[in-house]
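Visitor: Sequence plus predicted model, see below.
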2 protein chains.
Amino acid sequence: MVLLSGGLDSATVLAIAREEGFSPLALSFDYGQRHRIELEAAKQLAADAGVQHSIIAFDLRQFGGSALTSNLDVPKNRAEEQMSKAIPVTYVPARNTIFLSMALGVAETMGAADIFAGMNALDYSGYPDCRPEFIEAFQKLANLATKAGVEGQTFTIHAPLIRMTKSEIIQTGTKLGVNYALTTSCYDPSPNGLACGGCDSCLLRRKGFAEAGVTDPTRYQ
Amino acid sequence: MVLLSGGLDSATVLAIAREEGFSPLALSFDYGQRHRIELEAAKQLAADAGVQHSIIAFDLRQFGGSALTSNLDVPKNRAEEQMSKAIPVTYVPARNTIFLSMALGVAETMGAADIFAGMNALDYSGYPDCRPEFIEAFQKLANLATKAGVEGQTFTIHAPLIRMTKSEIIQTGTKLGVNYALTTSCYDPSPNGLACGGCDSCLLRRKGFAEAGVTDPTRYQ
């Protein structure tokens, strides 16, 4: 199972999982995100890869607490030093814990033991639930929490991008034939789907493409 | 924050948390459970205790895999040896992981650090996500996963019932004034709200009241 947000990281993870010989189900979450347009990108990426795709819905706007799930403004044009200083308001409380928990439920129901996710702890926004120690702790939990785990199946949380730079991710995906024109990274796209170009996610994406020497196919405002 | 299902365990936990001096928010989950009637019980219990009550909705029937979230039959009148032998079909894949993850998101958003839950590893159905090692692993994860955890807040998952028998739970709650007539335990209640009397949850409840020497106020079919 591959968690597929529709962004460039998870699109690359999908290609890596397939390269490793897995025939994954792509799983996306409709969680009330401001940038819900990413679900369309996820659909197209799954179709492009010829893999099955499921969307699980649960509305995190029920508790909010983030610029992605409430009316708080998404910060724009922050300097890199700012990004690394503090966890920004785009942090969604417990998001990746909730995502991996839901994925675990789906995986256990389907009999899948391998969950791939695009967490990355180098070129990222400082989210605590993107760090290797978080992934390790979740994997341990998964094997204690489930009937499958108790009965001897071992769940593995694969986070192949965890120590890669954005530029390395893009180079890897480009080699594997990922069509990055189908991906979307922007936290605050315009209604017609153009990326803002200034949110942390756009800034990291632009820098990554520039450093990788690959043309960024994104249409910016 | 107290996870309040509407059953006797969580009603007792709510009373324990208040006895310990907390002014908790009661949190319930509308997850597509067959015994959705328990949400009415939770509302009444919260009102009875004079605490704030929130319900978060997410539909686990999207992946099913359990007699509580699909059309599988709920087993009836199983002997105790059977209950302890294998994890039954009422097990919901990753349920308590999902519940605690959602609770963590709500708690972090509200600035709460203490999460109380009614997991019990003695008189229970053998669910893996009711064991002390699961609670410990989740607490560790919670502190790695969150902005609050990184910034120095320590989340504590309180599971005061974890090593109590059902009879001890009922005796404790009775001393604390819990109105067990408001609680519901049945996995498969009739449309008019009568308990089936034969599912694992009813059987454990009946045995608990009998052993505690307390009259079970439940209306059975």
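Guide: All right, it came through fine.
Visitor: Tell me which helix or strand comes right after the worst-scoring helix or strand of chain A on mean pLDDT.
Guide: Within chain A, confidence by mean pLDDT, DSSP states H and E is lowest for helix A:80-85 among all helices and strands, at a mean of 80. As assigned by DSSP states H and E, the chain's next helix or strand after helix A:80-85 is helix A:95-110.
Visitor: Output that following helix as PDB, restricted to C-alpha atoms.
Guide: What follows is helix A:95-110, C-alpha atoms only, in PDB (Å, rounded to 0.1, in the frame of the first residue of the first chain):
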ATOM      1  CA  ARG A  95      -2.000  14.200  10.800                       C
ATOM      2  CA  ASN A  96       0.500  11.600   9.900                       C
ATOM      3  CA  THR A  97      -0.400   9.500  13.000                       C
ATOM      4  CA  ILE A  98      -4.000   9.600  11.800                       C
ATOM      5  CA  PHE A  99      -3.000   8.900   8.200                       C
ATOM      6  CA  LEU A 100      -0.800   5.900   9.200                       C
ATOM      7  CA  SER A 101      -3.500   4.600  11.600                       C
ATOM      8  CA  MET A 102      -6.100   4.700   8.800                       C
ATOM      9  CA  ALA A 103      -3.700   3.100   6.400                       C
ATOM     10  CA  LEU A 104      -3.000   0.400   9.000                       C
ATOM     11  CA  GLY A 105      -6.700  -0.400   9.300                       C
ATOM     12  CA  VAL A 106      -7.000  -0.700   5.500                       C
ATOM     13  CA  ALA A 107      -3.800  -2.700   5.200                       C
ATOM     14  CA  GLU A 108      -4.900  -5.100   7.900                       C
ATOM     15  CA  THR A 109      -8.300  -5.600   6.300                       C
ATOM     16  CA  MET A 110      -6.800  -6.300   2.900                       C
END
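Visitor: List the buried residues of it.
Guide: For helix A:95-110, burial by neighbour count (16 or more other CB atoms under 10 Å in any protein chain shown) applies to A:95-109. Any C-beta I mention is one placed from the backbone N, CA and C, and that applies to glycine too.
Visitor: Stretch A:39-53 now?
Guide: So for stretch A:39-53, counting by 16+ other CB under 10 Å, buried means A:39, A:41-46, A:49, A:51, A:53.
Visitor: could you check whether the least confident helix or strand of chain A is close to chain B?
Guide: No: legend: contact between helix A:80-85 and chain B by CB under 8 Å from any CB of the partner chain is lacking; minimum distance shown is 12.5 Å.
Visitor: what helices or strands is that helix leaning on?
Guide: Judged by 3 or more CB pairs under 8 Å, 6 or more residues apart in numbering or on different chains; DSSP states H and E, helix A:80-85 is in contact with no other helix or strand.
Visitor: And for that helix, what's in contact with it?
Guide: Outside helix A:80-85, the residues that touch it by CB atoms under 8 Å, 6 or more residues apart in numbering or on different chains are A:125-126, A:200, A:203.
Visitor: And stretch A:64-76, by the same measure?
Guide: A:31-35, A:60-61, A:88-93, A:95, A:187-188, A:196, A:198-200, B:105, B:108-109.
Visitor: in that stretch, what counts as buried?
Guide: A:64-70, A:74-75.
Visitor: before we move on, what about stretch A:17-27?
Guide: For stretch A:17-27, by 16+ other CB under 10 Å, it's A:17-18, A:22, A:24-27.
Visitor: do the same with stretch A:212-221
Guide: A:212, A:216, A:218.
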